[in-house]
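[1] Got a predicted structure here, sequence first:
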Amino acid sequence: MYRPYVTEIRTAHLKAQQAERSGMYHVAVQQYLICLEKSECRQDCQCVNYFAQQLSNCYRQMGLLDKANFYAGLAHLD
């Protein structure tokens, strides 16, 4: 059975992880936002929480604390 968005999420996640390792947080944010959007489309709360936390971490590394706090808050919504 085909599960929509799984391939897109996995590809974007791999790109985001690579960008993070390279210190290219702006690229990581872009890819994690794609992951977050696709996870929301799948209505997968666990994935939404995970990618929101990843976005929070990236924004914190970039010094954008307001955005980091927003996504940290989103990650803790149930």
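    Sure, I can see it.
[2] Point out where the chain drops to low pLDDT.
    The model of the chain has pLDDT under 70 over residues 1-4, 77-78.
[3] make it 50
    Along the chain, the parts satisfying pLDDT under 50 run over 1.
[4] Might one say that Tyr32 is in contact with Gln54?
    Yes - under the criterion of CB atoms under 8 Å, Tyr32 makes contact with Gln54 at 5.0 Å. C-beta coordinates here come from the backbone N, C-alpha and C atoms, glycine included.
[5] These two - which one has more neighbours?
    The residue with more neighbours, out of Tyr32 and Gln54, is Tyr32; 29 against 22, by other CB atoms under 10 Å.
[6] So for the helix or strand hosting that one, what gets flagged as buried?
    Here Tyr32, judged by DSSP states H and E, is contained in helix 25-42. Within helix 25-42, the residues that count as buried by 16 or more other CB atoms under 10 Å are 25, 27-29, 31-39.
[7] now those residues in a markdown table, with distance to Gln17?
    Putting the buried residues of helix 25-42 into a markdown table (distance: CB to CB, whole Å) gives the following:
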| residue | distance to Gln17 |
| --- | --- |
| Tyr25 | 12 |
| Val27 | 11 |
| Ala28 | 8 |
| Val29 | 13 |
| Gln31 | 9 |
| Tyr32 | 9 |
| Leu33 | 14 |
| Ile34 | 13 |
| Cys35 | 10 |
| Leu36 | 15 |
| Glu37 | 17 |
| Lys38 | 16 |
| Ser39 | 16 |
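[8] from those residues, which single one is nearest Gln61?
    Ranked by distance to Gln61 (CB to CB), those are led by Tyr25 at 5.3 Å.
[9] Against Gly63, how distant is the closest one?
    According to CB to CB, to the nearest Å, Tyr25 stands 10 Å off from Gly63.
[10] can you check Arg10 too?
    29 Å.
[11] More neighbours: which of these two?
    The neighbour count for Arg10 versus Gly63, taken as other CB under 10 Å, is higher for Arg10 (12 against 9).
[12] could you say what helices and strands the helix or strand containing the more buried one packs with?
    Arg10 is part of helix 6-21 when elements are defined by DSSP H and E. Counting contacts by 3 or more CB pairs under 8 Å, 6 or more residues apart in numbering; DSSP states H and E, helix 6-21 is packed against helix 25-42, helix 45-62.
[13] Perfect, I'm done here.
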